[in-house]
Structure formats: structure tokens, C-alpha cells
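Asker: Okay, sequence plus prediction incoming.
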Amino acid sequence: MDLRKMRLYDTTNANSSEERDEYEKDYARLIQSPAFRRLQGKSQVFGAGSGDYYRTRLTHSLEVSQIAREVARRMEKTYPFLARREHPGLMLDPAVVEVASLAHDLGHPPFGHKGEDVLNRLLSEEYGLCYEGNAQNFRILMFLEKRAGSGSGLDLSAASLLAINKYPYLLEEKGRIKGVYKMEWEGIRFLRDAWNMPQDCPTLEAQLMDLCDDIAYSTHDIEDGIRAGKIQMNRSFFEEERLLENLILEIVNDQGNVDVGWDQVDMKAMVRKVLDDYLEQWETIYAECNREASKTRREMKARWVSRFANKVGIIDDPKRGWKKVTFVEDGEQDLHLLRTMEILKKLAWVTLIKDFRVQRLQKRSEIMIRQLWDSFKVHDTGRLILPPDWIESYEQHKSKWSWERMVADYISGMTDAYAEKVYAELFASKSGSIYEMD
């Protein structure tokens, strides 16, 4: 048996067509799923529906998949050990990386990271449970979604599931803030054991997907920010002391930054240098593009994506006895480029997410999610206003599916617009027919 193509529930591939490769089947199952379609209605940075220009979770996922697929193809030709297929976790198949990139944000609820934070607080404060977007990915892929011939999710191949699993931990373990819920962890752990994966180590494909997600975030979201006027491409904006201070504060408070060597540099000086260089590059390209702002935005994005993507490589990770996908320069990890990417990510965060208008929208979304939660959380009353198919599914699986987890699953699967629609039906005057289709 090919360990990479094994499936948890369809072990003999009895429900699969033999005319297609297993990863092509994964791709088809994913893009034809309702959860994937709903990404078009979920916020990336600006609310879905804010305008035709801005990215949604769907367009973001498509862009991540394009970057990751192309990088995987290049790396296949660059690193001979990949062709030797020495270990199922030390391989880079572009088709698998593409599937993982398309699926990596399925678990995000409506209204972006604010929705995730609110659901997590509600579950933890009231029931001692947690909500986490990466873990929710596997709820969807391994349980909530249905396909013909399967009553347990999309039943993706082992390679695709483990490529999505960038945090290979049980979330309920003490100290974990990201991971996989216990119910789905049993299947993921079974696959990891079958592959003989080192503890806490993600596959190369999962690492590549994760890095390409960061590349997209640090380039595409800035493009959206410039288009929206939140990032002003002039010296007074970039040289403002408050911007510098806020960027440094975000870097210091981000515990995920500890491995990029900030202790090796003067943080303030480097942040200032990256901002200065970014603005100078904009001014140069702006002149080259005949002072067309839209063309300059696209060219800036393309050059930064190319710069990051061309530096992605693989090095040995002696601490874990594994290999690491990262930015590489002369066979060593390029910490300078990693820090540069972190600064650009924080630039997007500080200027977009922290903008007071965005914060107002997030406060509004928090109120909506809290009131939806309060409406559904009590079984005896909530069951009367939830869709019948959800109630039927709950009754069928309630031995392993608590009511409060089901409510979180239902709310998290909503698009921004659908969450607002249900909220309006419950708490605002609404005209229209009760026979409108949900």
C-alpha cells in the first residue's frame, strides 16, 4: 500500500474512480464542497462584500495555492533527495501542496480572526472547550462535510490531510493554542504513526503551505491596504514615529517571532530600514509605471512574491532531527529575510486590522456572534430555530458531538452575509417571506 495515498475510511479505494490520481480526487472533492464555496463569503481583512477589489478567504486561498504549487515544482528539481522518496513526510508533490493550500482556511468562521476569538472565548468561558481555526479545518474535512459514499467528511488521502496539518498536536494538551481537536486527532495520529513521523514535526508539504501562506499575507494584504488608503505611500506616513512604535510592539508581543533571531539585530533600526526601503522601492516603480498607482501596486506585489518565493528552500533541522522549509541563503536559513517578512506582516496588521474603522466592524461582528450563540446554545430552545438537517445530524452523532460544539460548528460555517441574515431575522425588523431559502 502507498502510505501517502491511503485513506482513513475508504482503505481499499472502493468508492474511488480508478481513472484519476488520488490527489486529483482530493482536489475535486475539496473544490466541489460547500465549505470551499463558502470561502468566497468570508472576510480576509476587509469584510466580504466591501468591494470587488479586496480579497476574501477564497481568493487568498487560491493565491496561496498558486505560490505553493510553483515553489514545489521548482524545489522538486533543486533537491535530489526528494526524488528518492526516502520518507512519506519528506516529499513535495505540487498537487498535494495545492490541495493543502486551498483547504488551509476552511475552519475560519465569519468575520475573520475576530470571529475565531469570540467563538473561542464563548466556548472556553461557558463550557471549558476551545475553538481554533486550524482544528476546525479537520472538523470540516473529517466529519462535517459529506460526499457520496462517505459519512465521514471528504475522506482525503493521508498526504493531503497531513499537508494541511501544520500544527501536528492535540489541542487539548496543556499549553497548546493551536492543533487538532481530540475527535479528529485520533485519525491524524493514526496516519502520523503509519508514516513514522517524528513527534511534533509537520511534513515538508505542510511547512511549505504554511510559509506560502505567510508570503501571501505579507504581500497581498499590503496591496489591499494600499488600495484602501490605509497604507499611504508617502514619507509622512512611513516616517511617523507612532507607526514605528506600533510595529515594534506587535513584533515584541508575538511569541511566534522568537525563532527569527531578533536578538541578533537592532530591532528599531531594522524596522526603520525595511520601511524606508519599501517606500523607496515604491517611488522607483511608481516612476517606471508612469505614475499609475494601480499598476505600481501590482508590480510591487509581484516583485515581493518573487523575492520571497525564490528564496524558499530546505535545510536540516538538527534540533528535531528532521528537515525544515524556510528561506535559504548559501545553504543557511536566511533570518534577515524572515525578519523582513515579519515586519511586512505586522505593517499589514497594524494599518489594517488595528484601524479604528475595522475595529468598529469587528465590534459589530462580535455582538452578532455573541447574540447568535446565546440564541442557539440552550438545547431545548435552540433546536427550534436551527435547520432540521443539523438537528438530525446531531441526534445521529450526539454520543460524540456535544450540543455546544454543534452550535459552534454551525455558526463557524456561516459566511459573513449569512451570519448577518440570521442575526437580522432574530434581532432586527425584517421584511420578506419566511419561505426564502437559506
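Answerer: That came through, no problem.
Asker: quick one: least confident helix or strand in the protein?
Answerer: When the helices and strands of the chain are scored by mean pLDDT, DSSP states H and E, helix 356-376 comes last with a mean of 89.
Asker: which residues touch the helix or strand just after it?
Answerer: Where DSSP states H and E defines the elements, the next helix or strand beyond helix 356-376 is helix 379-382. Contacting residues not belonging to helix 379-382 are listed as S375, F376, W403, V407 [Cβ atoms under 8 Å, 6 or more residues apart in numbering]. From N, CA and C alone the C-beta is placed, and that goes for glycine too.
Asker: Which ChimeraX command selects the buried ones in those residues?
Answerer: Buried subset of those, written as a ChimeraX selection, criterion 16 or more other Cβ atoms under 10 Å:
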select :375,376,403,407
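Asker: returning to that earlier point: can you give the distance of the least confident helix or strand of the chain from its chain's centre?
Answerer: A distance of 21 Å separates the C-alpha centroid of helix 356-376 from that of its chain, computed with Cα atoms, centre = their mean, to the nearest Å.
Asker: Go through that helix and flag the buried ones.
Answerer: In helix 356-376, residues buried by neighbour count (16+ other Cβ under 10 Å) are V358, L361, Q362, S365, E366, M368, I369, L372, W373, S375, F376.
Asker: Give me the residues contacting it.
Answerer: 45-47, 109-112, 114-115, 118-119, 122, 352-353, 381-382, 385-386, 407, 410-411, 416, 419-420, 422-423, 426-427.
Asker: hmm, which of those residues are the buried ones?
Answerer: Buried, going by 16+ other Cβ under 10 Å: 45-47, 109-112, 114-115, 118-119, 122, 352-353, 382, 386, 407, 410-411, 416, 419-420, 422-423, out of these.
Asker: farthest pair in the contacts of helix 379-382?
Answerer: Pairwise distances across the contacts of helix 379-382 (Cβ to Cβ) peak at 13.3 Å, for the pair S375 and W403.
Asker: For the residue nearest to W322 when sequence neighbours are not counted, list the residues it contacts.
Answerer: Spatial nearest neighbour of W322, excluding adjacent residues (Cβ to Cβ, 6 or more residues apart in numbering): C201 at 4.5 Å. The contact partners of C201, by Cβ under 8 Å, 6+ apart, come to G89, P168, R320, W322.
Asker: Let me see the ranges of the helices in the stretch 51-200 of the chain.
Answerer: 57-78, 80-83, 94-103, 112-127, 133-139, 158-164, 182-195 (DSSP state H, counting those that start in this stretch).
Asker: closest to L338 out of these?
Answerer: Of the helices of the stretch 51-200 of the chain, nearest to L338 by Cβ to Cβ is helix 57-78, at 15.6 Å.
Asker: Now do the buried residues in the closest one.
Answerer: 57-58, 60-65, 67-72, 75.
Asker: cool, stretch 243-250 as well?
Answerer: L243, L244, N246, L247, I248, E250.
Asker: wait, the first one sits on S236?
Answerer: The one in question is L243. No: L243 is beyond contact range of S236, at 10.3 Å (criterion: Cβ atoms under 8 Å).
Asker: Just give me the residue closest to the centre of the chain.
Answerer: With distances taken as Cα atoms, centre = their mean, D105 lies nearest the centre of the chain, 3.7 Å away.
Asker: Domain map for the protein?
Answerer: 1-226+400-428, 231-354 (automatic domain parsing).
Asker: Columns mean pLDDT and distance to I391 on top of these, output as a markdown table?
Answerer: Shown next, in a markdown table, are the domains of the chain (pLDDT from 0 to 100; distance: least, Cβ to Cβ, whole Å):
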| stretch | mean pLDDT | distance to I391 |
| --- | --- | --- |
| domain 1-226+400-428 | 90 | 9 |
| domain 231-354 | 93 | 36 |
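Asker: Out of the ones you listed, which is closest to Y394?
Answerer: domain 1-226+400-428 (5.0 Å).
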